[in-house]
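>>> Next comes the sequence, and after it the predicted model I'd like to discuss.
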Amino acid sequence: MTADDLSRQIAAFLKAATVAADQLANSSGVPLEYVHIEEALLKTLELDESIDLLSKHLGTDEIVSLLADFDFRRLFPETIEDVRLDSSIIPSKTARQLIEVTVRADGEVWRIHKNDPDPWPSNPHAHNLQSGLKLHLGTGELFRKKRSVGKISRKDLELIRTKITKCQLPPLQA
């Protein structure tokens with residue numbers, strides 16, 4: 001597959017997911033964006049990586065049909081704190097979500113939820129919505145789903161921990 005083919009597939013998926021988000025937001029009463037559609041499809045289709053969605057060639061109608069009964073409210077847990085960093089701590093070779101092919105930013109926002117339905121990999125842990133990664137706040141290990149995809153430096157882990165003030169953190173591990 002060429003880079004142009006991949007770009008066309010990504011653009012087609014993003015367009016279908018965005019239209020589906022609008023339709024499903026109207027029917028569910030939840031303010032949905034394409035990233036919510038992407039996450040719901042991964043859960044519904046039991047896929048590990050966003051890139052796997054491209055091989056499904058899903059159009060808007062198929063997406064809406066697949067997600068008609070999905071409970072989107074579970075994608076909106078209460079936020080304890082957002083940690084904003086001036087520059088990215090994610091290692092450069094770590095895979096990101098599909099949209100990052102289109103939009104990139106130097107800084108990052110890591111979100112910690114009060115009532116996260118999944119207390120893994122640490123309790124609490126941080127979510128990076130732009131990359132789809134979870135950060136273990138004791139070890140600095142990065143996860144996509146349950147698979148380890150890298151680790152941030154000890155210095156970066158200590159930096160992010162100093163910015164988290166509204167909850168008790170797991171012990172810092174060597």
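Right, received. Where do you want to start? Numbering: from 1, shown residues only.

>>> Pretty sure Leu133 sits against Thr94.
Yes - contact criterion C-beta atoms under 8 Å: Leu133 and Thr94 qualify, at 7.1 Å. Any C-beta I mention is one placed from the backbone N, CA and C, and that applies to glycine too.

>>> higher neighbour count, these two?
Applying other C-beta atoms under 10 Å to Leu133 and Thr94 shows that Leu133 carries more neighbours, namely 22 against 15.

>>> Quick check: closest non-adjacent residue to that one.
Spatial nearest neighbour of Leu133, chain neighbours left out: Leu142 (5.0 Å); criterion: C-beta to C-beta, 6 or more residues apart in numbering.

>>> just to revisit the earlier point, now list whatever residues contact both of Leu133 and Thr94.
Leu142, Val149 (C-beta atoms under 8 Å, 6 or more residues apart in numbering).

>>> can you pull the contacts of the residue nearest to Leu133?
Ile90, Pro91, Thr94, Leu133, Lys134, Leu135, His136, Ser148, Val149, Gly150, Lys151, Ile152.

>>> Of these, grab the buried ones for ChimeraX.
Buried residues among the contacts of Leu142 (16 or more other C-beta atoms under 10 Å), as a ChimeraX selection:
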select :90,133,134,135,136,149,150,151,152
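
>>> Please name whichever of the contacts of Leu142 scores lowest on pLDDT.
For these, the least confident position by pLDDT is Thr94, scoring 72.
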